[in-house]
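*Asks:* Starting from these lines, generate the structure:
(chains A and B, ligands or ions: 1)
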Amino acid sequence: MKEMGSMLLRREAFSELAIGNTAIARAMIEAGVRVASSYPGSPTPEIAEALRSIKPADRPFYFEFSTNEKVATELAFGAAINGRLSVVFFKSVGLNVAADSFVQLPLMDISGGLVIILGDDPGANSSQNEQDNRHYAKLSYCPLFEPASAQEAYDMFKKAAALARELRSAVILRLTTHVCHAKERIRFDAWHPKPVDDRPLFDPDSSNYIPIASAVFPMKRRALERLERLRLRLPLLGFDRVVDHGNAKRGIITAGLPFASLMDALDSLPEGTAKPDLLKLGAVYPFDEKLVLSFLRAHEEVKIVEELDTLLETDIKALAYDAGLRCSIRGKADIDELMGECTPAKAKRVLEAAWPGLFPAAAPRPPVADLPPPRPAQMCPGCGHRSAFYAIKKALRPQDITVADIGCHTLGHLPPYEMGRVLLSMGHSTATASGLSLCNDSRRVLCFLGDSTFFHAGLPGIVNAVYNAHRVLLIVMENGTTAMTGHQDHPGTGKNFSGDALKLPIRAALEGLGVQNIREVDTYKQKELTAMVVEALDEPGFKVIIARHPCMLKFTREARRKPGWGARRVQIDQGSCDRNHECVERFACPTFQRDEDGRVTVSQDLCIGDGSCRQTCPASAIVPDA
Amino acid sequence: MKSDFNIYMSGVGGQGIGLLAELLARACDYAGLTPRGCDTHGLAQRGGMVTSHLRLGAAHSALVPEGEADLVVSLERTEALRAADAMLREGGSLVWYDACWQALDVRRGENLPVRAEQVLAAAVLRKASAFKVLRDDLPDSRMQNVAVVAEILKRGIVPGLERGHVEAAMADLMSGSTLEANIALVRA
Ligand SMILES: Cc1ncc(C[n+]2csc(CCOP(=O)(O)OP(=O)(O)O)c2C)c(N)n1
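*Replies:* Predicted structure coming up:
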């Protein structure tokens, strides 16, 4: 069996099939990174999974999951101004959390160099929006580079890290979901570990680190000058690429993943069609203006294909205007071009809209009849969240308001539970619920919060609810892990990335924050939980119920690896089953299957035998498998 | 140059699409077929639809364009039908494991479960060859993904891919009794 950990530490050059995130982990090692930090979020957690495959004692640099993205960014910054080459990585919306500190980074003299890896998610594959984080680069004057493939992500990281160190600054490497997860055979260079120099180099006398009032201006000037210096060097960095098809009429300017989709779209053109030339930018902010201008001059019509917003389009049109160019520049044709991922099919549509008739009409494809509706995601068999939602729903009146938060338990908003009907961001629930409780005497308000999110961004809302005495019931859904993103530890689990750690019990944290009304229950004890909610909802002020059950996906995976493990299941006692269908319709564990004639059976593939369903059957027909 | 062969895999989160995709990608790599692929991660893993793309040859994007899969591999019947509609190329191949993981609408009695005949009819519509796999001799239901790979090998659906390549890929990914059981499955 191939071990990822030993692969990542190989000294000689080699090639291996790997995804972009794994390749980034190797690039970090080769580049001599000393400190890295993160908070989990798709599409980036596999970078940490790759690092985890290396035994703690063999890891060439320090890595931690911090409590949230802002903390992770500050940690990497601190290490970097002390001379360490540092990296922080997280998902797109993580930058909103980190923003207050992030926007200051370009003002700073960062001697070690700092690379911020952003996992943007065009297409909102696993995010609550598809925000285009290139805006943040412009907003803060932070350079941003963008690869189009896993191989390029690896190559570009190393160049970006060297540049960050040389410019003594922060730089962004913007990845997107299908660059992070793209798999190909990647050529890795040799790794020559350099002797580690861990002298603490922080020197507040040689450079000012306090940007207050007028002290901001020299710092801002330095940031802007750095960008200009970088712009002049771009031709030497080799981030950009021209694909010359010898077409003097039509050209395309693009960046990142859409490049691959466009190349596929152009490859599908019939033999003999004049293919537009392509300019692919790897350095996106700042970009190489000279290169862009010469591309515009060489073509009569240029279509700009960028995923999401119109950053390149706006800047390139301005550039062409100032240069007095006659080239016709085609930007986004409609709202659809501002949305979604630029897949090969979309790239075709976008080109066809710019140049009607470029592609031959596709043969019509007859659709398959009677297609099933899309399959919604759902909680796993045995999930403690399901047990909680089922029990809590029984305690509520139809007009009560339930507020969701982010995590596996967000899935409670779907039928049949329909618990948690409004969602903004991680940790929003207590404060949104507090607002809903104001000037409202008739509809009671209840909100949910996961345990990782509790520490990530949940605390300020709770403090506020205590401080301002909001009449809200908070249910902390404690499953002992950051489940949705792949079971990372958090401050409440007693483990960190390196091993055992101090455990911060949620109850103690709540008490420390001044919460006086706290209850605790295992979510499998449904009657108790229902009764608690009935009681607590009508009490004054701010109340918390810690609803606890270990994540059963994690639990079962771990149990399977232990010697002596045997599968457990429930079954339906067909003699007692009266087809009330509580199990399939309201408890709705995916294990229960319903025949065309209404008979219920238990899926042998899905059932884990947890038994949380047994109490829900009015006919007591769910029994342990003999 | 275009991709020489496109494979689209689908199933339900928890069925082992990740291992299937990694196994096929590695096997194709051993066969010198220049694989480029991509899993879909994220929310879908929690019991929703999971898909993976694998392209052989000179493709640039890792994503198989709609309607251009030469081979659709599904681990579940409903998802086989959906993939035949969206992804299967005319004249392609469809191999599916005939497990049925009902979605909520079926469990709540709003819709009837998909029948295997519907999948076969969809393959006819696409003028595709269809191969249903369903075995009662698997030591572990988590081996359904490898049972499907065995069928692909038996039918010689991926040009240039042979059993030795798959076994070499298995040796990269598994060890001990798991490896032995899975090798036995493709040799049988
Ligand atoms: C700012 C931000 N960072 C990260 C994420 C990614 N994310 C989605 S769900 C989730 C897990 C939350 O874990 P927890 O609160 O413990 O709930 P669980 O999934 O375990 O039920 C995370 C980190 C996000 N959506 N937003």
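*Asks:* Give me the mean pLDDT for stretch A:564-579.
*Replies:* The average of the pLDDT scores along stretch A:564-579 is 95.
*Asks:* Buried residues, it. List them.
*Replies:* For stretch A:564-579, burial by neighbour count (16 or more other CB atoms under 10 Å in any protein chain shown) applies to A:569, A:570, A:571, A:572, A:577. All C-beta atoms are positioned from the backbone trio N, CA, C, and that covers glycine.
*Asks:* ok, now which ones touch the first one?
*Replies:* Just to be clear, that refers to residue A:569. For residue A:569, the contacting residues are A:602, A:604, A:607, A:608, A:609, A:624, A:625, by CB atoms under 8 Å, 6 or more residues apart in numbering or on different chains.
*Asks:* now with 7 Å?
*Replies:* Neighbouring residues of residue A:569 by CB atoms under 7 Å, 6 or more residues apart in numbering or on different chains: A:602, A:604, A:607, A:609, A:625.
*Asks:* Let me see the domain layout of chain A.
*Replies:* Listed domain ranges for chain A are A:2-195+A:203-237, A:241-354, A:384-559, A:567-626 (source: automatic domain parsing).
*Asks:* Export those domains as a markdown table, with columns for distance to residue B:149.
*Replies:* Shown next, in a markdown table, are the domains of chain A (distance: least, CB to CB, whole Å):
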| stretch | distance to residue B:149 |
| --- | --- |
| domain A:2-195+A:203-237 | 17 |
| domain A:241-354 | 26 |
| domain A:384-559 | 23 |
| domain A:567-626 | 18 |
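*Asks:* closest one to the ligand among these?
*Replies:* Of all the domains of chain A, domain A:384-559 sits nearest to the ligand, with 2.0 Å by CB to the nearest ligand atom.
*Asks:* hmm, that closest one touching the ligand?
*Replies:* Yes: using CB under 6 Å from any ligand atom, we find that domain A:384-559 touches the ligand at A:406-409, A:426, A:450-453, A:477, A:479, A:481-485.
*Asks:* Please list which of the residues you listed are also close to chain B.
*Replies:* Filtering the residues of domain A:384-559 next to the ligand for proximity to chain B by CB under 7 Å from any CB of the partner chain leaves residue A:408.
*Asks:* Enumerate the residues of the stretch 51-200 of chain A near the ligand.
*Replies:* Checking the stretch 51-200 of chain A against the ligand by CB under 6 Å from any ligand atom, the hits are A:91, A:93, A:94, A:97, A:128.
*Asks:* Quick one: the helices in the stretch 1-150 of chain A, in order.
*Replies:* Per DSSP state H, counting those that start in this stretch, the stretch 1-150 of chain A carries helices over the ranges A:4-8, A:20-31, A:45-52, A:69-80, A:94-102, A:134-140, A:150-167.
*Asks:* Who are the packing partners of the first one?
*Replies:* So the one you mean is helix A:4-8. helix A:20-31 (3 or more CB pairs under 7 Å, 6 or more residues apart in numbering or on different chains; DSSP states H and E).
*Asks:* Give me the contact list for the helix it packs on.
*Replies:* A:4, A:8, A:36, A:44, A:46-47, A:50-51, A:60, A:85, A:87, A:117, A:150, A:153-154, A:157-158, A:161, A:175, A:179-182, A:186, A:188-189, A:191.
*Asks:* quick check: mean pLDDT across it?
*Replies:* 98.
*Asks:* cool, and stretch A:527-544?
*Replies:* 98.
*Asks:* Residues contacting that stretch, please?
*Replies:* Stretch A:527-544 is contacted by residues A:388, A:391-392, A:394-395, A:444, A:446, A:465-466, A:469-474, A:476, A:510, A:515, A:517-519, A:521, A:523, A:545, A:547 when judged by CB under 7 Å, 6+ apart.
*Asks:* got a list of what residue A:254 touches?
*Replies:* Taking CB under 7 Å, 6+ apart, one finds A:262, A:278, A:280, A:305, A:306 in contact with residue A:254.
*Asks:* which of these are buried?
*Replies:* Neighbour counting by 16+ other CB under 10 Å classes A:262, A:278, A:280, A:305, A:306 among those as buried.
*Asks:* could those go into TSV alongside distance to chain B?
*Replies:* Output for those, formatted as TSV (distance: CB to the nearest CB, whole Å):
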residue	distance to chain B
A:262	8
A:278	11
A:280	11
A:305	13
A:306	16
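*Asks:* The closest residue to residue A:215 other than its chain neighbours: which element?
*Replies:* Residue nearest to residue A:215 in three dimensions, not counting chain neighbours: residue A:208, with 6.0 Å by CB to CB, 6 or more residues apart in numbering or on different chains. Remark: residue A:208 resides in no helix or strand, with elements defined by DSSP states H and E.
*Asks:* so is the residue most central in space within chain B in a helix, a strand, or just coil?
*Replies:* Nearest to the mean C-alpha position of chain B, counting by CA atoms, centre = their mean, stands residue B:73 at 2.7 Å. Look at residue B:73: counting by DSSP: H, G, I helix; E, B strand; the rest coil, its state is strand.
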